[in-house]
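Asks: Sequence plus predicted model, see below.
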Amino acid sequence: MNWILLIIAGFFEVAFAACLGKAKESTGMVANYWYIGFLVCLSISMLLLIKATQELPIGTAYAVWTGIGAVGTVLIGIIVFKEPATFWRLFFITTLITSIVGLKIVSH
């Protein structure tokens, strides 16, 4: 169950990064709504991370959480914000995913 909470926390990390990107593109009240979304997603992500680390090793949990956030944010950047999908970006994202899976496998 804690791994599921950790994965959901990682998705909320992606969401708060996406909110920052959308706020950057927006002005006025629309930007404020994106900042509110950022704060909500940030809070949920942190609370779930705290809950997950009560049972999981902190080093592994934090690495997985940030890894999900990093991979997800890069993918959101490519898909939503039209950032370049170069070979090297995709290569290193794949390496990061492999490392996250490896951490999960070796964690007890």
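Replies: Alright, I've got the coordinates.
Asks: low-confidence ranges in this protein?
Replies: For the chain, the stretches with pLDDT under 70 are 108.
Asks: switch the cut-off to 50
Replies: By pLDDT under 50, the chain contains no weakly predicted segment.
Asks: tell me, what residue is most central in it?
Replies: The residue lying closest to the centre of the chain (C-alpha atoms, centre = their mean) is residue 69, at 1.9 Å.
Asks: For that one, pull up the helix or strand it's in.
Replies: Here residue 69, judged by DSSP states H and E, is contained in helix 58-79.
Asks: Buried residues, that helix. List them.
Replies: For helix 58-79, burial by neighbour count (16 or more other C-beta atoms under 10 Å) applies to 60-61, 63-65, 67-74, 76-78. Quick note: C-beta positions are derived from backbone N, CA and C, even for glycine.
Asks: Show me what whichever helix or strand comes after that helix is packed against.
Replies: Next along the chain after helix 58-79, taking DSSP H and E as the criterion, comes helix 87-106. Packed against helix 87-106 by the contact rule (3 or more C-beta pairs under 8 Å, 6 or more residues apart in numbering; DSSP states H and E) you find helix 58-79.
Asks: Remind me what the helix it packs on packs against, helices and strands.
Replies: On a contact count with 3+ C-beta pairs under 8 Å, 6+ apart, helix 58-79 meets helix 2-25, helix 28-52, helix 87-106.
Asks: residues of stretch 84-103 that come out buried?
Replies: Neighbour counts using 16+ other C-beta under 10 Å place 93, 96, 100, 103 of stretch 84-103 among the buried residues.
Asks: Contacts for it, please.
Replies: 60, 63-64, 67-68, 70-71, 74-75, 78 (C-beta atoms under 8 Å, 6 or more residues apart in numbering).
Asks: quick revisit: show me which of the buried residues of helix 58-79 is closest to residue 39.
Replies: Nearest to residue 39 out of those is residue 69 (C-beta to C-beta; 16.1 Å).
Asks: quick one on the thing from earlier: from what I see, the residue nearest to the centre of the chain and residue 14 are in contact.
Replies: Yes. With contacts counted by C-beta atoms under 8 Å, residue 69 reaches residue 14, the gap being 5.7 Å.
Asks: For the helix holding residue 69, what is the distance to the chain centroid?
Replies: 4 Å (C-alpha atoms, centre = their mean, to the nearest Å).
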